[in-house]
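Asker: Build the 3D model from these lines:
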Amino acid sequence: MGEIFRHSNHESLNILKKCPTGNLVYQLDETVKLLPYECQEEMLKKFSIIIPAYNEEERIYPVLEEISNFINSNLLPWEVIVAIDGDDDTYELVCSFNKNFNFVKSNRSKQRDGMGGAIRRAILQSEGEYIILMDADGSAKLSSLLNGIKFLKNYDIINFNRYSLKENSIPFKRWLSSRIFNFLLKGIFGTNIADTQCGYKMMRKSAIIPILRKITVSNAFFLSAIFIYSKQLRISTIELPIKYEHSDGSKFNVFMTGISYLVSITAFKIRNSSLFEYTPKSIRNIYYDKLRYL
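Answerer: The predicted structure is shown next:
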């Protein structure tokens, strides 16, 4: 068994680099977890954990607590950016975390930018070589994502699939809407990812930047557009299972989500076709100004 690193100074980082053992053991939520050897080298690189948030001040606290304690106890050179979409109390909460953990930062827009817009801002602000996207509701723990790190050596983008484990607790209406949506994406755009809307992803920053230059949507369809453009740009992707527990406080609305999906797919298809040239500007503005926040 490897060493458990709980030191309070940065000298332990050098100890970690020199550690001759085959595994890195870390402490998280009072449970000793074991990471395979291939994760060690990658974990010492700079990661930026990005959490988009809109009125999430009540649910994001335990998420930030888990992540901050993990980074701090292992002295990893990581950062956390909470991308706040709008003016709410989440900003004050993030500031309170920053007093104890200076790697916890905020990226705030007082006006709504949509989930995609918030993620875009945070990625452009980030300093990490790698990006980890996480939801603010804590439906999946950081510990269930970390084994994906070893795949970053061979893949540019890692998507986590909420529906690949039978024990995951997900309401039927959410499961059904996701299955229909991703079936349409595969048929229309040829994507090979089964759960594009999952909020948990890992990626190389160098791979996502070219995709950001192409994405024009700023609502939740942003997450799916990543894989439409990664296919076009031949950026490598892989999908992995994740332990996921549906959050009771979720703001998911099947009707509004269905409208959003249909509008986004239609608008995205038009935007990337010859029809866009002939679409009146007034029609374009309806989507970009009114519907992108659905």
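
Asker: so L240 bridges to which residues?
Answerer: Using DSSP bridges, the beta-bridge partners of L240 come out as F160.

Asker: Can you give me the neighbour number for the nearest residue to A53 once chain neighbours are set aside?
Answerer: Of all residues not flanking A53 in the chain, A136 sits nearest, at 4.5 Å (CB to CB, 6 or more residues apart in numbering). No exception for glycine: its C-beta is placed from N, CA and C like everyone else's. Using other CB atoms under 10 Å, the number of residues around A136 comes to 24.

Asker: what's the answer for S206, then?
Answerer: Residues within reach of S206, counting by other CB under 10 Å, total 11.

Asker: Now the phi/psi pair for it, please.
Answerer: Backbone torsions of S206, given as degrees, to the nearest 10, read phi -60, psi -20.

Asker: likewise L76?
Answerer: Taking degrees, to the nearest 10 as the convention, L76 sits at phi -80, psi 150.

Asker: can you pull the contacts of it?
Answerer: L13, M43, L44, F47, F70 (CB atoms under 8 Å, 6 or more residues apart in numbering).

Asker: which of the residues you listed lies closest to K205?
Answerer: Lowest distance from K205 to the contacts of L76 (CB to CB) belongs to F47, with 9.8 Å.

Asker: my guess is that closest one meets E129, correct?
Answerer: Yes - counting by CB atoms under 8 Å, E129 is a contact partner of F47 at 7.5 Å.

Asker: Need the residues that contact stretch 222-229.
Answerer: Applying CB under 8 Å, 6+ apart, the contact partners of stretch 222-229 are 114-117, 119-120, 157, 159, 181, 185, 189, 191-193, 196-199, 201, 208, 210-211, 214-215, 217, 235, 237, 264, 268.

Asker: if you set the cut-off to 6 Å instead, what comes out?
Answerer: Defining contact as CB atoms under 6 Å, 6 or more residues apart in numbering, one finds that stretch 222-229 is touched by G116, L185, F189, T191, I193, T196, Q197, I211, K214, I215, V217.

Asker: Could you pull up the contacting residues of the third one?
Answerer: F189 sits next to I228 when contact means CB under 6 Å, 6+ apart.

Asker: repeat that with 8 Å
Answerer: I228, K231.

Asker: where's it relative to P171, distance?
Answerer: Computed as CB to CB, to the nearest Å, the F189 to P171 distance reads 26 Å.

Asker: Repeat that for the last one.
Answerer: In this view, V217 and P171 are 25 Å apart by CB to CB.

Asker: Between these two, which has more neighbouring residues?
Answerer: V217 (22 against 12).

Asker: name the element that one belongs to?
Answerer: According to DSSP states H and E, V217 maps onto no helix or strand at all.

Asker: can you give me the strands for the stretch 1-150 of the chain?
Answerer: Ranges of strands in the stretch 1-150 of the chain, per DSSP state E, counting those that start in this stretch, are 24-28, 31-35, 47-53, 79-85, 104-109, 130-133.

Asker: mind listing the helices for the stretch 1-150 of the chain?
Answerer: Along the stretch 1-150 of the chain, counting by DSSP state H, counting those that start in this stretch, helices occupy 11-18, 37-43, 60-74, 90-100, 114-125.

Asker: Include mean neighbour count, distance to S282 and mean pLDDT when you put these into a markdown table, please.
Answerer: Formatted as a markdown table, these follow (neighbours: other CB atoms under 10 Å; distance: least, CB to CB, whole Å; pLDDT from 0 to 100):
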| stretch | mean neighbour count | distance to S282 | mean pLDDT |
| --- | --- | --- | --- |
| helix 11-18 | 13 | 56 | 39 |
| helix 37-43 | 16 | 49 | 68 |
| helix 60-74 | 19 | 38 | 92 |
| helix 90-100 | 16 | 35 | 93 |
| helix 114-125 | 22 | 21 | 94 |
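
Asker: Convert the helix or strand where I259 lies to CSV, retaining C-alpha atoms only.
Answerer: Assigned by DSSP H and E, I259 belongs to helix 254-271. Extracted C-alpha coordinates of helix 254-271, given in CSV (Å, rounded to 0.1, in the frame of the first residue of the first chain):
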residue,chain,number,x,y,z
VAL,A,254,-39.4,17.6,-18.5
PHE,A,255,-41.7,19.9,-20.5
MET,A,256,-39.3,22.8,-20.6
THR,A,257,-36.3,20.5,-21.2
GLY,A,258,-38.1,18.9,-24.1
ILE,A,259,-38.8,22.3,-25.7
SER,A,260,-35.2,23.3,-25.1
TYR,A,261,-33.9,20.1,-26.7
LEU,A,262,-36.1,20.4,-29.8
VAL,A,263,-35.4,24.1,-30.3
SER,A,264,-31.7,23.6,-29.8
ILE,A,265,-31.4,20.7,-32.2
THR,A,266,-33.4,22.6,-34.9
ALA,A,267,-31.4,25.9,-34.4
PHE,A,268,-28.1,24.1,-34.3
LYS,A,269,-28.9,22.2,-37.5
ILE,A,270,-29.9,25.4,-39.3
ARG,A,271,-26.9,27.3,-37.9
